[in-house]
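Novice: Task: produce atomic coordinates for the following.
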Amino acid sequence: MSRSTFSIGGVHPHDNKLSRDCRIEVLPPAPTVFLAMSQHIGAPAKPVVAVGDKVKVGQVVAEPGGFVSAFIHSSVSGTVKSIGPRKDLAGNPVNCIEIAVEGDEWLEGIDTSDKLVTEIPSDNKAIIEKIRLAGVVGLGGATFPTHVKLSPPPGSKCERVIINGCECEPYLTSDYRVLLEKGEQVVVGAAILSQVMGNVPCTIAIEENKPEAIAHVSEVIAKLGYKGIEVMVMKMRYPQGSEKQLIDAVMHRQVGSGALPISVGAVVQNVGTALAVYDAVQKNKPLIDNTLSVTGECFPRQANLLVRVGTPFQYIIDFLGGMPKEAAKVISGGPMMGKAVSNLEAATLKGTSALLFLTEKQTRRAPESACIRCGKCADACPMGLEPFLLQKLSRIADTEALEANAAQDCIECGCCLYSCPAHIPLLDIIRTGKGLALGAIRARAAAAKAAAEAAKAAEAAKPSVIPSEAKESKK
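Specialist: Prediction:
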């Protein structure tokens, strides 16, 4: 079986899949959960419950705040205790709904059985509406509302659905376990996505370091008999699972600067998203839980847990035996693109993929030295950028030059930082410059929109003048 990969850049960190053999455990609900209103790309959701309300598992507690937004459902049954700001993992205030857990009563109509449902409804519009109402978002990191991605703009046509099962981030194993333990549901979810996009071919991409998952999913596809679904084996290479790199590897097409994957005929969804689509369409189950890895060399009990959305990090840690003494840093996600956790009372989001525990030795940065102009950062950049230049422009806040050199295209994968022999914190510096470039682009777009609206309003306000010839003809 041939191996595929993307065309430029990338690095090869050790995969460190310490929890790969840990079966998925169901974490009991915490005594209290905190559902953030901002846990997807786009506008925050708006609460539709009040303090004192009783809620059931799967009940809507917040509705979308805009076109690019998503429903949020209660992951537990109990009483709404408060609605207001609470600190997230970085210590920033985020509007949250606090629910005190009382039992585990599920909303009527949700199928909680293990029975596999393989017959797919024929009404694609109804399927997308189910996905929207279930609050399904991308679980590969970006948390983009799935129903929006499945509704491409006029003139755009999907030619292939790609299911991202690469899980190229070191340490993470939750997608791998989902493929092994819920591969049937993932394949049905993939078939649903393929049908919705016009019965296009579907590729389930899995990296070669997961041979058991490759074999199992291939067997499932053959057993279920869906046409047009295939497994593609990918070479081990980071960031293989990044959307643009995966499209390059599978379809050999490059997404242009500022363009969306649909511009080259691709729709990419994560393994967890395919499972959530199955749950929504076949089981009427909204996105209320997700599988995450708890791992790290210093953590005594490796685990893959099925966790209700809104579960405090500290509760997860306590369930597995408490914080190890050697741990100096906790990361939500993987070591390359994850975010440091400064507040263990913060709660999981729909897209939380892992809790990674690192020692002081693992987190200590070597002293920064001068750039030696080796070009390794440019060789490693999968977007074909020049990180050595972008970090210089970022330091002097040259917004125009940053935009001209495509700082806005940085996917923040960390390959430049990983490869730099001078230990320059390239990603940290470039992330600031990217913000400046994106700010300039958005400001121009807003100004152009305002100008167009003003011109339209001025045109509408013009008095209706009858030409002199028309006046004569009316006499």
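Novice: Gly310 is in contact with Asp289, correct?
Specialist: No - if you go by Cβ atoms under 8 Å, Asp289 and Gly310 don't touch, sitting 9.8 Å apart. Every residue, glycine included, has its C-beta placed from N, CA and C.
Novice: Quickly list what's touching both of those two.
Specialist: Common neighbours of Asp289 and Gly310 (criterion: Cβ atoms under 8 Å, 6 or more residues apart in numbering): Ser75.
Novice: Neighbour count: these two, which is higher?
Specialist: Taking neighbours as other Cβ atoms under 10 Å, Asp289 and Gly310 compare with Gly310 leading, 28 against 23.
Novice: ok, for the more buried one, nearest residue in space, not its chain neighbours?
Specialist: Setting aside the residues directly before and after it, Gly310 is nearest to Val33 in space (Cβ to Cβ, 6 or more residues apart in numbering), at 3.5 Å.
Novice: Tell me the bridge partners for the one you found.
Specialist: Ile99 (DSSP bridges).
Novice: what residues are up against it?
Specialist: So Val33 contacts 75-76, 98-99, 101, 308-312, 347 (Cβ under 8 Å, 6+ apart).
Novice: Which single one of these is nearest to Gly91?
Specialist: Nearest to Gly91 among the contacts of Val33, counting by Cβ to Cβ, is Ala347 at 13.5 Å.
Novice: Read off the pLDDT value for the closest one.
Specialist: pLDDT for Ala347: 97.
Novice: There's contact between it and Gln39 in this structure, I believe.
Specialist: No - using Cβ under 8 Å, Ala347 is not in contact with Gln39; the gap is 9.4 Å.
Novice: For those two, indicate the residue with more neighbours.
Specialist: Ala347 (30 against 25).
Novice: got the contact list for the more buried one?
Specialist: By Cβ under 8 Å, 6+ apart, Ala347 lies in contact with 33-36, 96, 309-313.
Novice: how many other residues sit next to the spatially closest residue to it that is not a sequence neighbour?
Specialist: Leaving out its chain neighbours, the residue that sits closest to Ala347 by Cβ to Cβ, 6+ apart is Phe34, at 4.2 Å. The tally of other residues near Phe34 (other Cβ under 10 Å) stands at 23.
Novice: Give me the pLDDT for Phe34.
Specialist: In this prediction, Phe34 has a pLDDT value of 98.
Novice: ok, back up a step: common neighbours of Ala347 and Gln39, please.
Specialist: Val309.
Novice: So the residue nearest to Ala347 versus Leu356, what's the distance?
Specialist: Shown here: Phe34 relative to Leu356, a distance of 21 Å by Cβ to Cβ, to the nearest Å.
Novice: And for Ala451?
Specialist: Ala451 is 47 Å from Leu356, by Cβ to Cβ.
Novice: And the two? Which one has more around it.
Specialist: Leu356 (28 against 10).
Novice: So the more buried one, which state does it fall into?
Specialist: strand (DSSP: H, G, I helix; E, B strand; the rest coil).
Novice: For it, which non-adjacent residue is closest in space?
Specialist: Going by Cβ to Cβ, 6+ apart, Leu356 has Ile331 as its nearest residue, at 4.3 Å.
Novice: Show me what the helix or strand that neighbour falls within is packed against.
Specialist: Using DSSP states H and E, Ile331 sits within strand 327-332. On a contact count with 3 or more Cβ pairs under 8 Å, 6 or more residues apart in numbering; DSSP states H and E, strand 327-332 meets strand 339-340, strand 354-359, helix 360-363.
Novice: can you give me the strands in the stretch 101-250 of the chain?
Specialist: With strands called from DSSP state E, counting those that start in this stretch, the stretch 101-250 of the chain shows them at 160-165, 202-207, 229-234.
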